[in-house]
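Novice: Give me the fold of what follows.
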Amino acid sequence: MKRRLHELSDASDRDARHLERRQFLTSTAAGALPLLAGGAGAAAGAEKGTAETAAVGAHHSIIGDYGGWAAGLAPDPPKLSYRRQQFDDVDQWRTKAQGRTAELIASPDIGSHPSVTVTKQYRFGDLDVEELSWELGYGRPTKAIVLKPSDVSGRLPAVLGLHDHGGNKFFGRRKITRTGATIHPMMVSHQQQYYGGRSWANELARRGYVVMVHDTFTFASRRVLFGDMAEIPWGGASTRDKSDADVASEEGIRAYNDWAAAHEHVMAKSLFCAGTTWPGVFLGEDRRALDVLCARDDVDAEHVGCAGLSGGGLRTVYLGGLDSRIKCAVCVGFMSTWKDFLMNKSYTHTWMTYAPLLPNELEFPEILGLRVPRPTLIQSCTEDELYTLPEMQSADRILSAIFEKAGAAECYQGRFYSGGHKFDVPMQQDAFAWFDQWLNS
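Specialist: Below is the predicted model of the structure:
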């Protein structure tokens, strides 16, 4: 498998149904009908999804009668879709499409490899833990956690774990890790709800990987502090009577998260005014984290992957599609089409999703498809209220077609599971096996 991976690399160099939709957008997919795990439950989910879309109809959408018109504005397939007949050479197409995508998401220049400080080293159970930090030149320092199996020497395959959104910007890296006997009660409930009660980064590290999880833009160590802000005098994002000293109790954290949700549109519009986009900032910060991971003496930089649920799945789309160092990608709970967002579901999703004008060039799944033929796994749930099932299936068919056209059908899998928005234990087991197949065999 490693040999095949090198060949491929050389050739291309949510049940939380009552969750407030504004919270778990992100809270964070094949020519044939995809695998439906869960039998009758999955079939019921398919019927529900089909009925949902049929009820919407051609002239009913979340933007009213304008939906059909708006859905027809972008070409189908989009201008730079590999599904167009004009694109025969996958490498030439990728170069052109990645360049245009990079131009439109306008990732800011945040410098090269950051200087890393190891703030703490210790052992937790059967894992070695490092706590790191680095400066990016804007905002407060990024904090990260590295996990790897104890008493193992040499270079190991590695995975960049991308934390979710979850309507919870107070936390980041701690959402998918555990580094001690005590874990914050809010993270206990978070992991129970979305991850089967597990810290999935720890579980993956135990299989023989170096796993790094870092806070990203506006989360945890990178979150917006009231003490750094000019006053916003009114509206949901008002800063009046807000203090960082109040954010200590669970009640205070929830109040902060409510404020941060209301502030998200302010940040997004400000980024647009700065000439960049939220996906562009995410990509820049995730790339710097990837620099840190790949430079480690205990990492085999030729065997590095990334994975994440929901907002982490969104980040996987952009990082996996645009950085060739990601040899294997697992996108969980974030795969549908621009049409689905436009007609049905944009109200369930964060401002972090969008890159204006990009839908003219690529369908949403095609952003991740830019990585073809590198191994790619999409995991979706049939009752995920963040998307409609038919459009999730459409995204799966698009990706399958791309990999088939490139002669790499075996390198793509789109898997569907019964239930809501989640990355539970069975899904984790499938994802870990995918990494084992392509990175650690």
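Novice: need the helices for this structure, in chain order.
Specialist: Remark: helices assigned in the chain by DSSP state H are 2-12, 40-56, 66-71, 90-105, 185-194, 200-205, 250-273, 278-294, 311-322, 338-340, 358-361, 364-369, 389-405, 425-439.
Novice: Name the residues of the last one that are buried.
Specialist: Applying a neighbour-count criterion of 16 or more other CB atoms under 10 Å, one finds 427-428, 430-432, 434-436, 438-439 buried in helix 425-439. Every residue, glycine included, has its C-beta placed from N, CA and C.
Novice: what's the answer for the longest one, then?
Specialist: Applying a neighbour-count criterion of 16+ other CB under 10 Å, one finds 253, 256-257, 259-261, 263-264, 267-268, 271 buried in helix 250-273.
Novice: what's in contact with that helix?
Specialist: 22-23, 167-170, 185-186, 218, 223-224, 232, 235-237, 242, 246-247, 277-278, 280-281, 350-352, 354, 356 (CB atoms under 8 Å, 6 or more residues apart in numbering).
Novice: Output stretch 165-174 as CSV, restricted to C-alpha atoms.
Specialist: Provided in CSV are the C-alpha atoms of stretch 165-174 (Å, rounded to 0.1, in the frame of the first residue of the first chain):
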residue,chain,number,x,y,z
HIS,A,165,-17.1,24.0,15.4
GLY,A,166,-20.1,22.8,17.5
GLY,A,167,-21.3,26.3,18.3
ASN,A,168,-18.5,26.3,20.9
LYS,A,169,-15.6,28.7,20.3
PHE,A,170,-14.4,28.6,23.9
PHE,A,171,-12.9,25.2,23.2
GLY,A,172,-10.9,23.8,20.3
ARG,A,173,-8.2,21.2,20.6
ARG,A,174,-9.7,19.8,23.8
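Novice: Quick one: closest of the helices of the chain to Leu162.
Specialist: helix 311-322 (3.6 Å; CB to CB).
Novice: Pull the number of nearby residues for Thr239.
Specialist: Thr239 is flanked by 15 other residues according to other CB atoms under 10 Å.
Novice: Give me the neighbour count for the closest residue in space to it that isn't next to it in sequence.
Specialist: In this structure, Thr239 finds its nearest non-sequential neighbour in Ile232, 4.9 Å apart by CB to CB, 6 or more residues apart in numbering. Other residues within reach of Ile232, judged by other CB under 10 Å, total 16.
Novice: Measure how far stretch 275-295 is from the centre of its chain, please.
Specialist: Distance of stretch 275-295 from the chain centroid (CA atoms, centre = their mean, to the nearest Å) equals 12 Å.
Novice: Tell me the buried residues in it?
Specialist: Buried residues in stretch 275-295 (16+ other CB under 10 Å): 276-294.
Novice: ok, now stretch 293-302?
Specialist: If you call a residue buried by 16+ other CB under 10 Å, then stretch 293-302 has these buried ones: 293-294, 296, 299-300.
Novice: okay, those residues in TSV with distance to Leu156 and pLDDT next?
Specialist: Below are the buried residues of stretch 293-302 laid out as TSV (distance: CB to CB, whole Å; pLDDT from 0 to 100):
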residue	distance to Leu156	pLDDT
Leu293	11	98
Cys294	12	98
Arg296	9	98
Val299	7	98
Asp300	6	98
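Novice: can you redo the residues you listed as CSV with distance to Leu377?
Specialist: As requested, the buried residues of stretch 293-302 are exported to CSV (distance: CB to CB, whole Å):
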residue, distance to Leu377
Leu293, 20
Cys294, 21
Arg296, 24
Val299, 21
Asp300, 20
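Novice: List buried residues within the contacts of helix 250-273.
Specialist: So, by 16+ other CB under 10 Å, the buried ones in these are 22-23, 167-170, 186, 218, 223-224, 232, 237, 242, 247, 277-278, 280-281, 350-352, 354.
Novice: Output the helices of the chain as CSV; include the columns distance to Val159.
Specialist: Below are the helices of the chain laid out as CSV (distance: least, CB to CB, whole Å):
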stretch, distance to Val159
helix 2-12, 14
helix 40-56, 28
helix 66-71, 36
helix 90-105, 22
helix 185-194, 18
helix 200-205, 6
helix 250-273, 27
helix 278-294, 9
helix 311-322, 11
helix 338-340, 28
helix 358-361, 27
helix 364-369, 16
helix 389-405, 21
helix 425-439, 6
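Novice: With respect to the ones you listed, which exhibits the lowest mean confidence?
Specialist: Ranked by mean pLDDT, the helices of the chain end with helix 40-56 at the bottom, a mean of 40.
Novice: got the contact list for the closest residue in space to Ala329 that isn't next to it in sequence?
Specialist: Nearest residue to Ala329, sequence neighbours excluded (CB to CB, 6+ apart): Gly320, at 3.5 Å. Neighbouring residues of Gly320 by CB under 8 Å, 6+ apart: 306, 326, 329, 331, 368, 371, 374, 376.
Novice: from those residues, which two are the most distant?
Specialist: Going by CB to CB, the pair spanning the contacts of Gly320 furthest: Cys331 and Arg374, at 12.7 Å.
Novice: More neighbours: those two, which one.
Specialist: More neighbours surround Cys331 than the other of Cys331 and Arg374, with 32 against 25 (other CB under 10 Å).
Novice: in terms of contact, does the more buried one touch Gly313 like I think?
Specialist: Yes: Cys331 is within contact range of Gly313, at 4.5 Å (criterion: CB atoms under 8 Å).
Novice: circling back to that earlier point, turn the buried residues of helix 425-439 into JSON lines, columns for distance to Leu104.
Specialist: Output for these, formatted as JSON lines (distance: CB to CB, whole Å):
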{"residue": "Met427", "distance to Leu104": "31"}
{"residue": "Gln428", "distance to Leu104": "33"}
{"residue": "Asp430", "distance to Leu104": "33"}
{"residue": "Ala431", "distance to Leu104": "29"}
{"residue": "Phe432", "distance to Leu104": "34"}
{"residue": "Trp434", "distance to Leu104": "30"}
{"residue": "Phe435", "distance to Leu104": "30"}
{"residue": "Asp436", "distance to Leu104": "35"}
{"residue": "Trp438", "distance to Leu104": "29"}
{"residue": "Leu439", "distance to Leu104": "30"}
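Novice: which one of those is nearest Ser199?
Specialist: Distance to Ser199, by CB to CB, is smallest for Gln428 among the buried residues of helix 425-439, at 10.5 Å.
Novice: can you name the farthest residue from the center of this structure?
Specialist: Asp241 (33.8 Å; CA atoms, centre = their mean).
Novice: Quick check on it: phi, psi?
Specialist: Dihedral pair for Asp241: phi 60, psi 20, per degrees, to the nearest 10.
Novice: for this structure, longest strand please?
Specialist: For the chain, the strand with the greatest residue count under DSSP state E is strand 299-309.
Novice: Strand partners (parallel or antiparallel) of that strand?
Specialist: strand 156-161 (parallel), strand 328-332 (parallel) (DSSP bridges).
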